[in-house]
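Q: The sequence and its predicted three-dimensional model are supplied below.
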Amino acid sequence: MQNSYMAEKRVLCVSWYEGLAVTRELLLRGAGFAVVSALRQQSYVACREDADLMILGDSVPRKEKVRLIDCFRAHTNAPVLSLLNAGQEKLPEATYSLEATDPNSLLHTVRQILS
């Protein structure tokens, strides 16, 4: 039953590297989420999509994260999860942040945000 509920939840996942994007997309889809994945410049089109959550990968430069959050927030109040490299500080513009070290932590956090 949880998977059918989560499948209704749409996650926009932005990354600067294809390998990371594919890995996160497979992880999230496997957990039952509907996923829109975007790389680099595609992300500026995708940030206008309807989504229940936007995840900004740790590979996305901080300046770009701020721009993408602004773009996303122009049409939705949905939360933004910014994945961080070790030791990075949370962006004030992001709703949530998480060090991108463990796929299980990512899934747990996404489930908590969208429950």
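A: Everything's here; your move.
Q: what about Thr85, neighbour count?
A: Let me fix one detail, which is that residue 85 is Asn and not Thr. Using other CB atoms under 10 Å, Asn85 is surrounded by 11 other residues. C-betas here are computed from N, CA, C, even on glycine.
Q: What helix or strand is the residue nearest the centre of the chain located in?
A: Among the residues of the chain, the smallest C-alpha distance to the mean C-alpha position (CA atoms, centre = their mean) belongs to Ile55, namely 1.0 Å. When secondary structure is defined by DSSP states H and E, Ile55 falls within strand 53-56.
Q: can you check Leu106 too?
A: Assigned by DSSP H and E, Leu106 belongs to helix 103-114.
Q: Where does pLDDT dip in the protein?
A: Per-residue confidence of the chain (counting by pLDDT under 70) places the weak regions at 1-7.
Q: quick revisit: what's the strand holding Ile55 in contact with?
A: The contact list for strand 53-56 (CB atoms under 8 Å, 6 or more residues apart in numbering) reads 9-14, 24, 47, 65, 68-69, 72, 78-83, 94, 110, 113-114.
Q: where do the strands sit along this structure?
A: In the chain, the strands defined using DSSP state E lie at 10-15, 34-39, 53-56, 80-84, 96-99.
Q: can I get those strands in CSV with distance to Leu106?
A: Supplementary listing: the strands of the chain in CSV, determined by distance: least, CB to CB, whole Å:
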stretch, distance to Leu106
strand 10-15, 10
strand 34-39, 12
strand 53-56, 8
strand 80-84, 7
strand 96-99, 7
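Q: strands paired with the strand holding Ile55, and their directions?
A: Strand 53-56 has these partner strands in its sheet, going by DSSP bridges: strand 10-15 (parallel), strand 80-84 (parallel).
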